[in-house]
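In: coords please:
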Amino acid sequence: MKKFEVEISIIVGTYNEKKKNIEQLISSIINQKFKNYELIVIDDSDNAIIREFWQLELKKVPVSTYIKTGKKQPLAKACNFGVKHAKGEFIARIDSDDYMDYNRLSKQYDYLTKNRATRLIGTGVIKIDTDSTVLEKRTYPSGNNIPYYLFFMNPFAHSTFMFYKKDFVKLNLYDEETRHAEDYDLVMKYFYNSYRIENLDEPLVYLRMPPASRRPRNHYIYILKVRLRYFKIDRYLFHRIIGILLGSLVVIAPNFIRDIIYKFYNRVF
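Out: Numbers count the residues shown, from 1 in each chain. Predicted structure coming up:
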């Protein structure tokens with residue numbers, strides 16, 4: 001009998017998650033077609049009942065690690081801590097209030113192992129509300145189209161990330177100072193360092209959308225900082241400059257203007 005070997009490490013950072021969301025996530029993981037995985041949960045919860053519920057649910061997962069931190073921390077820091085404990089060649093991210101299609105791990109794994117030049121891959125998403133009612137399906141740019149969107153938006157959904165652990169470590173993990181935009185920073189970092197990134201045009205993750213709320217100005221400040229950090233003169237110079245100018249406008253604009261721009265981005269991109 002072939003010895004079990006962890007090939008994918010699923011990383012979940014969480015804080016006081018709802019029980020029904022935890023159940024959905026765990027159910028979607030244990031029903032994955034791909035079985036050579038481990039689940040690592042970094043739990044910042046200060047609610048003892050939720051911490052106990054996580055540990056109870058994790059008993060259903062063949063290989064899992066539960067890490068209780070005892071204090072709330074940035075998602076980037078929690079994920080970095082989880083990756084340091086990961087045994088898999090590949091890292092898969094998902095938020096604790098989202099869940100996966102049963103083919104998610106297998107399809108991303110198959111693509112990465114058959115297309116070794118690609119080092120990070122995402123997928124489309126199925127947006128759901130807090131009651132798990134489907135709102136819409138969305139796919140993201142792929143192939144040569146990605147760079148043309150990258151300087152105006154994040155053309156990836158964070159909960160769909162899968163990437164090689166060794167690349168992630170080589171690129172110094174998530175930037176823990178870039179709050180609210182650690183995923184965008186990572187994608188830009190990969191692109192800046194000439195790592196190939198890709199999206200599958202199939203929705204494979206259920207992405208829970210919170211009730212409509214206004215994003216804080218700091219969110220847009222961090223996005224602008226990311227664009228400035230990875231600025232360089234190349235064939236995408238025009239797009240980089242326009243992205244920085246638009247990002248600056250969003251930062252200084254009144255709230256109602258930011259809301260209009262955000263809705264426009266969602267509709268167009």
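In: pull the longest helix from the protein.
Out: For the chain, the helix that runs over the most residues, judged by DSSP state H, is helix 237-252.
In: now do the SS call for the nearest residue to T65 once chain neighbours are set aside.
Out: Nearest non-adjacent residue to T65, counting by Cβ to Cβ, 6 or more residues apart in numbering: I40, 4.7 Å away. All C-beta spots, glycine's among them, are computed from the backbone N, C-alpha and C. Assigned by DSSP: H, G, I helix; E, B strand; the rest coil, the conformation of I40 is strand.
In: so what's R119 closest to, chain neighbours aside?
Out: Y195 (4.4 Å).
In: what of G247?
Out: L224 (4.0 Å).
In: tell me the secondary structure at that neighbour.
Out: L224 ends up helix, using three-state DSSP.
In: who is the residue nearest to T65 paired with across the strands?
Out: Under DSSP bridges, the beta-bridge partners of I40 are I11, T65.
In: that one and F81 touch, don't they?
Out: No: counting by Cβ atoms under 8 Å, I40 does not reach F81; the two are 9.0 Å apart.
In: so which of those two has more stuff around it?
Out: I40 (24 against 18; other Cβ atoms under 10 Å).
In: that one: what's it in contact with?
Out: S9, I10, I11, V12, S64, T65, I67, G82, H85, A86 (Cβ atoms under 8 Å, 6 or more residues apart in numbering).
In: let's see if you can find the most crowded of these.
Out: Going by other Cβ under 10 Å, I10 tops the contacts of I40 with 27 neighbours.
In: unless I'm mixing things up, that one is touching D95, no?
Out: No: using Cβ under 8 Å, I10 makes no contact with D95, being 11.4 Å away.
In: picking up where we left off before, may I have the longest helix of the chain as CSV, with CA atoms only?
Out: Listed next in CSV are the C-alpha coordinates belonging to helix 237-252 (Å, rounded to 0.1, in the frame of the first residue of the first chain):
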residue,chain,number,x,y,z
LEU,A,237,4.3,51.4,-18.1
PHE,A,238,1.1,53.2,-19.3
HIS,A,239,-1.2,50.9,-17.4
ARG,A,240,1.0,51.2,-14.3
ILE,A,241,0.9,55.0,-14.4
ILE,A,242,-2.9,55.1,-14.9
GLY,A,243,-3.4,52.6,-12.1
ILE,A,244,-1.4,54.8,-9.7
LEU,A,245,-3.3,57.9,-10.8
LEU,A,246,-6.7,56.2,-10.3
GLY,A,247,-5.5,54.8,-7.0
SER,A,248,-4.5,58.2,-5.8
LEU,A,249,-7.9,59.6,-6.9
VAL,A,250,-9.7,56.9,-4.9
VAL,A,251,-7.7,57.7,-1.8
ILE,A,252,-8.4,61.4,-1.8
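In: got the contact list for that helix?
Out: Contacts for helix 237-252 (Cβ under 8 Å, 6+ apart): 147-148, 150-152, 217, 220-221, 223-224, 227-228, 231-232, 234, 257-258, 261.
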